[in-house]
Structure formats: C-alpha cells, structure tokens
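Chemist: Build me a model:
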Amino acid sequence: MQITQKHIATTLLLLSPLILFTINRQLHLNGLNTFILILIGGLLGAALNYFQYGFSSSFRSLLDERKTAGMRAIIWMLGLAILLFAPLLAIEQWQQQTFNGFIRTLSLAIPIGAFVFGIGMQIGCGCTSGTLNRVGQLQPLSFTTLFFMVIGGTLAAYTFSDWQSLPAIEPFAFQQQFGWIIGLGLQLLILAGLYLLLKRLEHSRHQTVEPLVDRSQIKTTFHPFLLAALGLAFLNAVLVLVSGQPWSISSIFPYWGSRLIDLFGLPLDWSFWDYSMENMTRMNQGIWENTVSLTTMGVIAGALIVSAIRPRSKVPISFRAVIGSIIGGTIMGFGAVMASGCNIGAFFSGIASGSGHGWVWLVFALFGNMIGVKIRRYLT
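Modeler: Residues are numbered from 1 along each chain as shown. This is a model prediction of the structure:
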C-alpha cells in the first residue's frame, strides 16, 4: 500500500491526543487536559460521521439482511481494544495515573436494561453514539432522541433504589479469573468464533461475503467500517491512558438531567436521590471536570466539523418517526443507566476491559434489537 499525504495527516491526527498528553506531562499547562479530552471525543465523533459507521445499523443489517460487515468490524474493534487495554489495566498505575476498566457486578438489572436498550436503539434514531453523531449532522430527530435519552436516564437514576436491589452476583473478569495471558486468549478466541459465525451467516444468505480488506484489485482497499472500528478502538485506549477510564456515554444522562432540574427549578430534590449519593464524585463534578461530559460534547463537535465539510442529507420527519424517537430515546436512556452502560460503556468498553457484563449486555441487547427491528418497520 502506497503511503500518501492523506495517510500521514490521518495518522498525525489520531496521534495528536498522545502528543499533547506527552507535552502536558512535561509542562502541566492549565486547561490542556480538558482540551485533550474534548479532542479525543471529537476524533471519535469524526470517525463515526466520516465513515458513516454505527452500531444500530450494524445490528439491523445482521438481523434484517444477514449482512455482517458492520458486525465483523465491531469484532475487529473489540479485539484491538482488548489488546490495547490489557497492558494498561495490568500495570494498574503509571505516574500517578490509575487505570480502571469497566468491570461491573452481574446484576439482573444488566440483562433487563440491555434488552430495553436494544429495543430503543432500533426504534429511536440510533444508539447513544449514533444519536450524538446525528446531532452533529444536524439531523432534526436526533435532538428529540437525545433529549428523551436524558429524560429516560434521569428517570432511571430517580428509580435507582427500585432496580438496584435486583439479584446480583460478584463481577466476573477474564483476567481476574484466568490471569492476563489466558484471559486475553479466551476473549480473542470467542471473538474469532463469532467472526467465523458471522461470515457463515452472510455466506449462507448471499453466497458471498463482503470483504473488509479487498486485495482483488491492484491496490489493497480497506472497508470504511473497518477503518472506523480500528480508529475507535485506538482512541478508546488513548482515553484510558489520558483519563484513567474507558469511553462511556450513559452516565451523562443523569448528570445533564440534574443540571436541567437545577436550571429550571423543577420540584425534584436531586440531592437526596440514591443514585446521586452512590455516584457522588461524578455527579458533583463541574461540566469542565467531568470526563464523560467533555468527551460527549467532543463527539458532537467532531461530527459537526465533518458535516460542515461533507454535509449529509437530512432524514425526513414524520409523525411516526417522532413517536419512535421519543419512545426510543426514553427507553434507551433508562435501559443504559439500568444496565451500567450503553453500546459504548457496557458493550464496547466493558468487553475491552475483560468484564463478563459486557458479554451479557451483548446477548440481551441482541434480543432487544430483534424486537426493535420489527417495531421499527411500523414507524418508518
């Protein structure tokens, strides 16, 4: 493959957070770390928009058409993320920075929340990352979906004590159960098995499999979905290095919801909610201190910049689509908080962290998507 100026520019752009992080380690510049977090979010949003990549569309293509390019790209994304996360989580700390993966208690709330979220990601205008991407594209319905995600997530936090008491067992993490080497190998083996299964499913329906790497021509070409997935994995690992925690989105919904309650003086006493007490440090952070808030705003900004360069056609608005956006957004927000994360925090970052709850999330979200796809047909 011939290296072009475009390849060099793209590489430098991906490496820019690491370069700035290294500079800040030496100079300790005020505000630079905040900018780095927004930049990482911006690059995540730009990758989603530029390559037109989404989790909900990948699930839908698998279920509706047995086309698996998007899901196979997700397998590559998870595999690379696992490899990049592993050394950081193994050393646990470096130069006063502690590295924490998302390893969660296996509560009954996780499969229920994931199932509900799976329905919502199909009848809304996309999953959490997809909705933020579409907000950056200035798609009208995405603003409705995002607003009701905040409402749904806030309602979930408000009812925290009701579902938090559901039966639960201790967290399961591959590296803790089997050691780092064996745990890493087992996860990669599972991903390889899923990859082969996806290829077989597509081949059985279409008698061919769309390649992610095409070597049939003189010039080797990479599928846009694969490029997006590898970029997301790399940036998620950079976020762990910079902030000490992986990419997540759903915890921002109660955070933004509490700010809206305070802003409009709504008759809800947030300070005494169990969720707020359980997550006191995060909920009490200022908007420029909260990592999730900064990266989330960055995702929208990054997608917006790409849209300014390469505008997307607007999705038509209909009454049914608005209803789907409201319902989908609400149950996505509720399900994501209940399940300890959405397709990003629970699925992507959970599996990358070696946590069993990420795999549980995937199974039950897939069941939810099956129902959501059927409901979606009546709303479009």
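Chemist: my guess is Leu212 meets Phe222, correct?
Modeler: Yes. The pair Leu212 and Phe222 passes the contact test of Cβ atoms under 8 Å, sitting 7.1 Å apart. (Each C-beta comes from the backbone N, C-alpha and C, glycine too.)
Chemist: Could you check which of these two has the larger neighbour count?
Modeler: Shown here are Leu212 and Phe222; by other Cβ atoms under 10 Å, Leu212 has more neighbours (20 against 13).
Chemist: From Ala69, how far out is that one?
Modeler: 6 Å (Cβ to Cβ, to the nearest Å).
Chemist: overlap in contacts of the two?
Modeler: 223, 225 (Cβ atoms under 8 Å, 6 or more residues apart in numbering).
Chemist: Quick check: which element contains the residue of the chain positioned farthest from its centre?
Modeler: What lies farthest from the middle of the chain is Ile218; by Cα atoms, centre = their mean that is 35.3 Å. Under DSSP states H and E, no helix or strand contains Ile218.
Chemist: Against Trp288, how distant is it?
Modeler: Separation of Ile218 from Trp288 (Cβ to Cβ): 50 Å.
Chemist: And for Tyr255?
Modeler: Tyr255 is 13 Å from Trp288, by Cβ to Cβ.
Chemist: neighbour-wise, which of those two wins?
Modeler: Applying other Cβ under 10 Å to Tyr255 and Trp288 shows that Tyr255 carries more neighbours, namely 24 against 12.
Chemist: sec struct for that one, please.
Modeler: helix (DSSP: H, G, I helix; E, B strand; the rest coil).
Chemist: you'd agree it is up against Asn284?
Modeler: No. In this structure Tyr255 lies outside contact range of Asn284 using Cβ under 8 Å: 9.9 Å.
Chemist: Please, where are all the helices along the stretch 151-300 of the chain?
Modeler: For the stretch 151-300 of the chain, the helices defined by DSSP state H, counting those that start in this stretch cover 160-164, 174-178, 180-206, 224-243, 252-264, 274-278, 280-283, 291-309.
Chemist: between these, which gets nearest to Gly329?
Modeler: Checking the helices of the stretch 151-300 of the chain against Gly329 by Cβ to Cβ gives helix 252-264 as the closest, at 9.9 Å.
Chemist: what angle sits between that closest one and helix 291-309?
Modeler: 90 degrees (axes from the mean of the first three to the mean of the last three Cα atoms, to 10 degrees).
Chemist: Let's see helix 252-264 as CSV, backbone CA atoms only.
Modeler: Provided in CSV are the C-alpha atoms of helix 252-264 (Å, rounded to 0.1, in the frame of the first residue of the first chain):
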residue,chain,number,x,y,z
ILE,A,252,-24.0,11.7,31.3
PHE,A,253,-27.8,11.4,31.1
PRO,A,254,-28.5,11.7,34.8
TYR,A,255,-25.7,14.3,35.1
TRP,A,256,-27.2,16.5,32.4
GLY,A,257,-30.7,15.8,33.8
SER,A,258,-29.7,17.0,37.3
ARG,A,259,-28.3,20.2,35.7
LEU,A,260,-31.6,20.8,33.8
ILE,A,261,-33.6,20.2,37.0
ASP,A,262,-31.5,22.8,38.8
LEU,A,263,-31.6,25.2,35.9
PHE,A,264,-35.4,25.2,35.6
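Chemist: same for that helix, what does it pack against?
Modeler: In this structure, helix 252-264 packs against helix 140-158, helix 274-278, helix 280-283, helix 291-309, helix 319-338, with contacts taken as 3 or more Cβ pairs under 8 Å, 6 or more residues apart in numbering; DSSP states H and E.
Chemist: and the direction of the helix or strand containing Leu132 versus that of helix 140-158, what angle?
Modeler: Here Leu132 is covered by helix 128-136, with elements defined by DSSP H and E. Between helix 128-136 and helix 140-158, the angle comes out at 140 degrees (the same axes, to 10 degrees).
Chemist: and helix 128-136, which residues are buried?
Modeler: 128-136 (16 or more other Cβ atoms under 10 Å).
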